[in-house]
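1. what's the 3D shape of this:
(2 chains)
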Number of protein chains: 2
Amino acid sequence: MTFAEQLSADLAVIEPALEKYLSRETGEGYDRIFEAAKYSAMAGGKRLRPVIVLEFCRLCGGDVQKALPFACALEMIHTYSLIHDDLPCMDNDDLRRGRPTCHKAFDEATAVLAGDGLLTAAFETAAAAEGVSAETALACIRILGQAAGMNGMIGGQVLDMGAEHRKISLDELRLLQSLKTGCLLRAACELGCTVAGKTDAHTLDMARTYGDKLGLAFQIRDDMLDIDGDTATLGKTVGKDEKSEKSTFPSLLGMEECRRLVASLTDEAVQAVSGQPESAFLVELARSLTNRTN
Amino acid sequence: MTFAEQLSADLAVIEPALEKYLSRETGEGYDRIFEAAKYSAMAGGKRLRPVIVLEFCRLCGGDVQKALPFACALEMIHTYSLIHDDLPCMDNDDLRRGRPTCHKAFDEATAVLAGDGLLTAAFETAAAAEGVSAETALACIRILGQAAGMNGMIGGQVLDMGAEHRKISLDELRLLQSLKTGCLLRAACELGCTVAGKTDAHTLDMARTYGDKLGLAFQIRDDMLDIDGDTATLGKTVGKDEKSEKSTFPSLLGMEECRRLVASLTDEAVQAVSGQPESAFLVELARSLTNRTN
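-> Prediction:
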């Protein structure tokens, strides 16, 4: 299978599973919350995190089907974080994935609750996973909780809020990024290995290295797209960072150095997994993100 | 031990455990989020939910110490729901437990994130519980997730938002209440039984009945306190429901009928557990809430 075929195949299992987990119509007058959660979750993101979960599971010789609930749980956490980040009291964004943000399409209260609902549904989904041992499910829930928690993604978001309208150092920016976006990408790699039962130090180290390098490359490219990207292609407003006087990788290092860094980090991610059987997809995935335009 | 002594003993284990779970100072610039989470979590609520977890565990002959992480997880979920409910886009409250609400003491973005952090920490804490089997921990996480999720507490909050400025029926109000406050109280009872390993239908039925009856009595009393309570004693603003033209039990049934209902529901809760050894505390607890002033 080519990279594109494999990616399509992964998306073809992720999309319906995600929709199914979020489809609990009740007829009791609160269906609106499921609508709002699905509005944001089914808006056609790249599904980078769940794809990585499935592919690390495959790399480790595991059953991809068993990784699906955890892959979807991670995507729910990612989606909730976008909904809350877009709120007026946070980044105050109107556009996400080419559509009005959740609080614009619904209202602010519904967006807060849809985010809360997705975060809770992530743990519900993980705790209801079938075909894995209770120990494995619990290990996955710990990975999800730590990555998403106050010492993970939420801590990163706090640093991000504190980094507006002031210049921060490269070290501060790297810490911020490693928490805000790195933690979930690293978790994606770890989840795949954990479901497959390969949790030896060597495998987890390889997974974390891939996640860290890919995560940093991804974020640098994200910052670059805020400068040279296109709102229509990107599906979100560009030029936000400059407007909010945010320190970004390009503002601290310049575009040229950013391009060089993305390339070398991608090489390091590739190197981490190459040599493993079935690594072709993850190698291609890392390379495909280097020049992404959305 | 008297009821008061037992309650003190429970609080003496709950308070420090809760504080410990939320104390992960990092020195990395995002300690503020732990401060905000602790500000709201350590504000001296009644701890009704965690106390019930411990006492149902005791009732079922379990080791109360093992129930502690789940008791604290439930209290974190309760606290997060209060923080988000108090936000300007929700109930817009300035006062909670006698102190400025989280978004008043910090800011709105921090309050959203502190709520998110507490919800995530709840599942982290539950998944890290020691001394219970992985199956038991997972069963408890499922109880927490369902009770807090879109078909539980969040669904209730959605109904509550939709019930402002219009008259709803008693049936609608009971559904709203059973989701918004009933689910977590029922979960408290179930968690205690589950940690103790008593999950036969009869025990769970008894637990749910106690939780349901107590939850409804509690909510009716809550609505009454919004009318005849005192802001200083209560620690939150009274008269809110009338101001927001909310349908409440007193507005639909009158105060006298509410008083009668609280008494009969309390009797039913008491009846559910009486006959069990060690039920004295839960009986007293239900009775003590009947005439509470805060």
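2. For stretch A:210-224, which residues meet the burial criterion?
-> A:210-224 (16 or more other Cβ atoms under 10 Å in any protein chain shown). Placement of C-beta: from N, CA and C, glycine included.
3. now what about that stretch, what contacts it?
-> A:48, A:52, A:174, A:177-178, A:180-182, A:185-190, A:241, A:248-251, A:255, A:258-259, A:261-262, A:265-266, A:268-269, A:272-273, A:282, A:285-286, A:289-290, A:292 (Cβ atoms under 8 Å, 6 or more residues apart in numbering or on different chains).
4. Buried ones among these?
-> A:48, A:52, A:174, A:177-178, A:180-182, A:185-190, A:241, A:248-251, A:258-259, A:261-262, A:265-266, A:268-269, A:272-273, A:282, A:285-286, A:289, A:292.
5. quick one, what contacts the closest residue to residue A:28 other than its chain neighbours?
-> Sequence neighbours aside, residue B:175 is the residue nearest to residue A:28 in space, at 6.3 Å (criterion: Cβ to Cβ, 6 or more residues apart in numbering or on different chains). Contact partners of residue B:175, counting by Cβ under 8 Å, 6+ apart, are A:28, A:29, B:159.
6. Low-confidence regions, the stretch 101-250 of chain A specifically.
-> Of all residues in the stretch 101-250 of chain A, none has pLDDT under 70.
7. Just the helices from it, written as ranges.
-> Here the stretch 101-250 of chain A has its helices, by DSSP state H, counting those that start in this stretch, at A:102-105, A:108-127, A:134-148, A:153-162, A:170-177, A:183-195, A:201-228, A:231-234, A:240-243, A:249-253.
8. got those helices as TSV, with distance to residue A:70 columns?
-> Formatted as TSV, these follow (distance: least, Cβ to Cβ, whole Å):
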stretch	distance to residue A:70
helix A:102-105	24
helix A:108-127	6
helix A:134-148	5
helix A:153-162	16
helix A:170-177	24
helix A:183-195	5
helix A:201-228	14
helix A:231-234	28
helix A:240-243	32
helix A:249-253	30
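9. Now, of the contacts of residue B:175, which are buried?
-> residue B:159.
10. Looking at the contacts of residue B:175, which is nearest residue A:4?
-> residue A:28 (42.6 Å; Cβ to Cβ).
11. ok, now how distant is that closest one from residue A:146?
-> 34 Å (Cβ to Cβ, to the nearest Å).
12. And for residue A:99?
-> The value you get for residue A:99 to residue A:146, if Cβ to Cβ is used, is 31 Å.
13. if we compare the helices of the stretch 101-250 of chain A, which one ends up closest to residue B:199?
-> The nearest among the helices of the stretch 101-250 of chain A, by Cβ to Cβ, is helix A:134-148 at 14.6 Å.
14. quick one: that closest one to chain centroid distance?
-> Centroid separation for helix A:134-148 versus its chain: 16 Å, with Cα atoms, centre = their mean, to the nearest Å.
15. Can you give me the buried ones in it?
-> In helix A:134-148, counting by 16+ other Cβ under 10 Å, buried: A:134, A:136-148.
16. quick one: contacts of that helix?
-> So helix A:134-148 is contacted by A:70, A:73-74, A:77, A:81, A:119, A:122-123, A:126-127, A:129, A:132, A:152-154, A:183-184, A:186-187, A:190-191, A:194-195, A:197, A:199, B:120-121, B:123-124, B:127-128, B:133-135, B:137-138, B:141 (Cβ under 8 Å, 6+ apart).
17. now the angle between helix A:201-228 and that helix, please.
-> 30 degrees (axes from the mean of the first three to the mean of the last three Cα atoms, to 10 degrees).
18. CA atoms of helix A:134-148 as PDB?
-> Provided in PDB are the C-alpha atoms of helix A:134-148 (Å, rounded to 0.1, in the frame of the first residue of the first chain):
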ATOM      1  CA  ALA A 134      -7.800  -3.700  32.100                       C
ATOM      2  CA  GLU A 135      -4.100  -3.100  32.800                       C
ATOM      3  CA  THR A 136      -3.500  -1.900  29.200                       C
ATOM      4  CA  ALA A 137      -6.600   0.300  29.200                       C
ATOM      5  CA  LEU A 138      -5.600   1.800  32.600                       C
ATOM      6  CA  ALA A 139      -2.000   2.500  31.300                       C
ATOM      7  CA  CYS A 140      -3.500   4.200  28.300                       C
ATOM      8  CA  ILE A 141      -5.800   6.400  30.500                       C
ATOM      9  CA  ARG A 142      -2.800   7.400  32.500                       C
ATOM     10  CA  ILE A 143      -0.900   8.400  29.300                       C
ATOM     11  CA  LEU A 144      -4.000  10.400  28.200                       C
ATOM     12  CA  GLY A 145      -4.400  12.100  31.600                       C
ATOM     13  CA  GLN A 146      -0.800  13.100  32.000                       C
ATOM     14  CA  ALA A 147      -0.500  14.400  28.400                       C
ATOM     15  CA  ALA A 148      -3.700  16.400  28.600                       C
END
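19. So what angle separates the directions of that helix and helix A:153-162?
-> 10 degrees.
20. ok now the strand or helix carrying residue A:284, how far from the chain's centre?
-> Counting by DSSP states H and E, the element that carries residue A:284 is helix A:280-290. Distance of helix A:280-290 from its chain centroid, counting by Cα atoms, centre = their mean, is 16 Å.
21. quick one: contacts of it?
-> A:3, A:6-7, A:48, A:51-52, A:55-56, A:58-59, A:210, A:213-214, A:217-218, A:221, A:262-263, A:266, A:269-270, A:273-274.
22. what about it, average pLDDT?
-> Averaged over helix A:280-290, pLDDT sits at 95.
23. buried stuff in stretch A:184-203?
-> Buried residues in stretch A:184-203 (16+ other Cβ under 10 Å): A:184-198, A:203.
24. and the residues you listed near chain B, which?
-> Checked against chain B using Cβ under 8 Å from any Cβ of the partner chain, the buried residues of stretch A:184-203 give no members in range.
25. quick one: which of those is nearest to residue A:90?
-> When the buried residues of stretch A:184-203 are compared against residue A:90 (criterion: Cβ to Cβ), the nearest one is residue A:184, at 17.2 Å.
26. Distance of that closest one relative to residue A:211?
-> 9 Å.
27. what about stretch A:225-240, start to end distance?
-> 11 Å (Cα to Cα, to the nearest Å).
28. And the contacts of that stretch?
-> Contact with stretch A:225-240 is made by A:91, A:93-99, A:241-242, A:246, A:248, A:250, A:255, A:292-294, as judged by Cβ under 8 Å, 6+ apart.
29. Just the ones of those in helices?
-> A:241, A:242, A:250, A:255 (DSSP state H).
30. Same list, those, but as JSON lines with distance to chain B please.
-> Converted to JSON lines, the ones in helices among the contacts of stretch A:225-240 look like this (distance: Cβ to the nearest Cβ, whole Å):
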{"residue": "A:241", "distance to chain B": "17"}
{"residue": "A:242", "distance to chain B": "21"}
{"residue": "A:250", "distance to chain B": "22"}
{"residue": "A:255", "distance to chain B": "27"}
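31. of those, closest to residue B:22?
-> Closest to residue B:22, out of all of the ones in helices among the contacts of stretch A:225-240 and judged by Cβ to Cβ, is residue A:241, at 32.2 Å.
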